[in-house]
Each structure stands twice: as C-alpha cells, then as structure tokens.
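K.L.:
Structure here, sequence nowhere to be found:
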C-alpha cells in the first residue's frame, strides 16, 4: 500500500516533507515511510500492553499507525508548534486516536512518563 492510501485508511494527513523551520539545529519534518513502520509493527517488539514514547513525532504518523496496528498506547513529543498543531488536527479524525496523546515540548526537557516502556527516535 502506498503512503497516501495508508493516510486515507488511518484518516490522517502526514505526507510530504517540510523544511520551513529547519536549520543547523532542527531537522526538517520528514515522515517515516509506512513500509518501515509495517516492519516495526510486525517485529513483535511493540504490543497492546506497551506504551511508546515518540520523540519528534511530527504530525503523528508513527503514533497513529502503531496504535492502529499493534493496539499500543503512544505519546508523541514535538517541539515545533506548527507541526504539533497538525498532529492535534490529525487526532480529531484518526483511527485509534483514543490510544494516542501529544505533548508540545522540547524532548531534551520532557520527563519520561512512568508507563513508557518503548521509545521511538527517527
């Protein structure tokens, strides 16, 4: 399945690169390909009982996909307010949105919640 079909299935909009805020300290928004997320979901490392912390969650693709595919809970952390708002917009329509939450914060200063037992970095 291609990127757009996955976005439609999950009822989100995450495609496309955004480097409008990128500089030497901040990476551009570039979503993880769904093919990579499929392999991760099928690996068995993340299951329904797990809580995944996604540093640099962007528009929430990893969070929505893994919550949908594995049933896990996810917490996405994003520092760019504009991109964070797009993740929140996605949460209004996304499949399995009830298993996701998003925090606007700098990952360097975000305390890892006690229930987190998996962490995703891109």
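P.N.:
Done, it's in. Treat the numbers as computed from the prediction; the structure is a model and nothing was measured.
K.L.:
mind checking how far residue 89 is from residue 35?
P.N.:
Distance, residue 89 to residue 35, by Cβ to Cβ, to the nearest Å: 25 Å. Just so you know, the C-beta spots here come from the backbone N, C-alpha and C atoms, and that holds for glycine as well.
K.L.:
So for these two, which sits in the more crowded spot?
P.N.:
residue 89 (14 against 11; other Cβ atoms under 10 Å).
K.L.:
For that one, report the pLDDT, please.
P.N.:
Confidence at residue 89, expressed as pLDDT, is 97.
K.L.:
And the one 3 residues further on, by the same measure?
P.N.:
Per-residue pLDDT puts residue 92 at 97.
K.L.:
State the number of residues packed around it.
P.N.:
As a measure of burial, residue 92 has 9 neighbours, counting by other Cβ under 10 Å.
K.L.:
which ones are touching it?
P.N.:
Residues near residue 92 by Cβ atoms under 8 Å, 6 or more residues apart in numbering: none.
K.L.:
Now with 10 Å, please.
P.N.:
11, 12 (Cβ atoms under 10 Å, 6 or more residues apart in numbering).
K.L.:
likewise residue 44?
P.N.:
residue 70.
K.L.:
could you redo the last one with a cut-off of 6 Å?
P.N.:
Counting by Cβ atoms under 6 Å, 6 or more residues apart in numbering, residue 44 makes contact with nothing.
K.L.:
Would you check how far apart it and residue 64 are?
P.N.:
Distance from residue 44 to residue 64, by Cβ to Cβ: 20 Å.
K.L.:
Now do the SS call for the residue of the chain most remote from its centre.
P.N.:
Distance from the C-alpha centroid of the chain peaks at residue 24, with 22.8 Å (Cα atoms, centre = their mean). For residue 24, the assignment made with DSSP: H, G, I helix; E, B strand; the rest coil gives coil.
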